[in-house]
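K.L.:
Here is a sequence together with a model predicted from it:
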Amino acid sequence: MADTPTARTAGRNRPGSSTAPTAAWRNWAGNVSATPARVVTPTSVGELQEAVRRAASDGLRVKAVGTGHSFTSAAATDGVLIRPQALTGIREIDRAAGTVTVAAGTALKDLNLALAREGLSLTNMGDIMEQTVSGATSTGTHGTGRDSASLSAQIRALELVTADGRVLTCSEKGNDEERAVFAAARLGIGALGVVTSLTFAVEPLFFLTAREEPMPFDRVTSEFEQHFAENEHFEFYWFPHTGNCNTKRNNRSQGPAAPPGAVSAWVEDELLSNGIFQVVNSLGRAVPAAIPGIARIASRALSARTYTDIPYKVYTSPRRVRFVEMEYALPRERVVEALRELKTMVDRSGLRISFPVEVRTAPADDIPLSTASGRDSAYIAVHMYRGTPYHAYFTAAEQIFTAHGGRPHWGKVHTRDAEYFSRAYPRFGEFTALRDRLDPDRVFANDYLRRVLGD
């Protein structure tokens, strides 16, 4: 609904959680913005319940937002924007069950640090840790893994506030409704309610040995299945306009920790991957014709290295250069063919691509809207530097990915709609039926959810 002056000011001075003046919200990449009627920062689950009830009474939609690392408008609203920054911290560690329960607004970075202090770790994670736990899982954040799946697949229980203000605590051990909600809400795109806490499986802290190695495109693609089979975690980056890739293989080891030296780490992770990369992308944006030459130099700048450390220090890296991203999950057996088609398309086009293309994997899981739901998957992610036109590149890439049965990442740029997803996800109807039961009045709707889930 369109906001009216009455709706915009309704309830601002009521007691409870803090309510900020109306201001524009932007995501991390700057490609999505919204102006909510009000912004609420609840300090307790009770205050969140009241904020949802009040919004429904005022005829406003509700969306929760984390740190804004999604590239879609999944969290955008002209109604009530919930900021969970005050709902943070570990609620409980159950060593016997091997779980940790954490409040929804906790940043993955803070969770990783806290778990490490307790001698614990998540099994797998994505390549950054700036997101909140609820934002990351709600959009399907994943890393790469032969056997270990996404963050959402590591959830063992969750709590969320529904459209009528109820609090549901859900797990596989609950009643029929709780099991159904648990199955779907581990990756709910914000459509089923506002997540307030998550219980993750954890395990004793372990070591990973990372081996990073440059490799020609033709070799890494022809040997892809071998690398996948031989390594617990395998990924690689292809540099467009070149035949060069950089590979990363992570495997468990006995330790001890042997991290990169301080100077080496600074050169690789800060100077080259962030500082100089920022400069060359700015140059490429100003002078697109220079990009192929820059790419050839950049693809040879990173050298081989091997190091050992605790998981989050190996899985994640600092990412300070801002970009816009599209990522599709394909059946794993189709990824090499699709990547070769992408390379051919770029080589034959007039496109100038300054960001590498990332390839990762995930095993099949049982989450209805997971991009790996029911099938072993591989991901191809394409990026463009922020402020650079990306539509032509992404459109061409998306045509390739959809031709191979691709499923777009829920938090990254795509143009697919509910009709497409009803074919791409065998359990799509299961999710939308649950949404109809939990949110019949669409308190948690926005334009993005209407497009991808239907009315």
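P.N.:
Okay, I see it.
K.L.:
contacts and neighbour counts: CA atoms only from here.
P.N.:
Fine.
K.L.:
what pairs with T199 across the strands?
P.N.:
T199 forms beta bridges with T101, A157, as assigned by DSSP bridges.
K.L.:
Then the one 4 residues further on?
P.N.:
In this structure, E203 has the following beta-bridge partners (DSSP bridges): S121.
K.L.:
now do V194
P.N.:
Beta-bridge partners for V194, by DSSP bridges, are V161.
K.L.:
if I pick it, what's in contact with it?
P.N.:
V194 makes contact with 63-64, 160-162 under the criterion C-alpha atoms under 8 Å, 6 or more residues apart in numbering.
K.L.:
mind listing the strands in the stretch 101-250 of the chain by residue range?
P.N.:
Read by DSSP state E, counting those that start in this stretch, the stretch 101-250 of the chain holds these strands, from start to end of the chain: 120-121, 155-161, 167-171, 194-201, 203-204, 207-216, 233-238, 244-253.
K.L.:
buried sites along the third one?
P.N.:
Read that as strand 167-171. Of the residues in strand 167-171, 167-171 count as buried by neighbour count, 16 or more other C-alpha atoms under 10 Å.
K.L.:
Which one of these is nearest to L208?
P.N.:
The nearest member of those to L208, counting by C-alpha to C-alpha, is S171 at 30.3 Å.
K.L.:
In this structure that closest one contacts L158, no?
P.N.:
Yes: using C-alpha atoms under 8 Å, S171 is in contact with L158, at 6.7 Å.
K.L.:
list the residues that contact both of these two?
P.N.:
Common neighbours of S171 and L158, counting by C-alpha under 8 Å, 6+ apart, are F182.
K.L.:
Quick check: which ranges of the stretch 201-350 of the chain have low pLDDT?
P.N.:
Residues of the stretch 201-350 of the chain meeting the criterion pLDDT under 70: 263-264, 266-267, 270-272.
K.L.:
so where do the helices sit in it?
P.N.:
For the stretch 201-350 of the chain, applying DSSP state H, counting those that start in this stretch gives helices covering 217-222, 224-230, 262-265, 277-286, 291-298, 311-315, 335-348.
K.L.:
Would you reformat these as a markdown table and include mean neighbour count?
P.N.:
Below are the helices of the stretch 201-350 of the chain laid out as a markdown table (neighbours: other C-alpha atoms under 10 Å):
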| stretch | mean neighbour count |
| --- | --- |
| helix 217-222 | 16 |
| helix 224-230 | 15 |
| helix 262-265 | 10 |
| helix 277-286 | 18 |
| helix 291-298 | 18 |
| helix 311-315 | 20 |
| helix 335-348 | 17 |
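K.L.:
and the residue lying closest to P292 once chain neighbours are set aside, backbone torsions?
P.N.:
Nearest residue to P292 in three dimensions, chain neighbours excluded: H241, at 5.4 Å (C-alpha to C-alpha, 6 or more residues apart in numbering). Main-chain torsions, H241, degrees, to the nearest 10: phi 70, psi 10.
K.L.:
Dump the helices of the stretch 201-350 of the chain into JSON lines; add distance to H69 as well.
P.N.:
JSON lines is the format used below for the helices of the stretch 201-350 of the chain (distance: least, C-alpha to C-alpha, whole Å):
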{"stretch": "helix 217-222", "distance to H69": "29"}
{"stretch": "helix 224-230", "distance to H69": "28"}
{"stretch": "helix 262-265", "distance to H69": "25"}
{"stretch": "helix 277-286", "distance to H69": "18"}
{"stretch": "helix 291-298", "distance to H69": "26"}
{"stretch": "helix 311-315", "distance to H69": "18"}
{"stretch": "helix 335-348", "distance to H69": "25"}
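K.L.:
show me the contacts for the residue most central in space within the chain.
P.N.:
By C-alpha atoms, centre = their mean, the mean C-alpha position of the chain lies nearest to T141, the distance being 3.1 Å. Contact analysis of T141 by C-alpha under 8 Å, 6+ apart lists 125-126, 150-152.
K.L.:
can you name the two of those that are farthest apart?
P.N.:
Based on C-alpha to C-alpha, the longest span within those runs between G126 and S152 and measures 11.2 Å.
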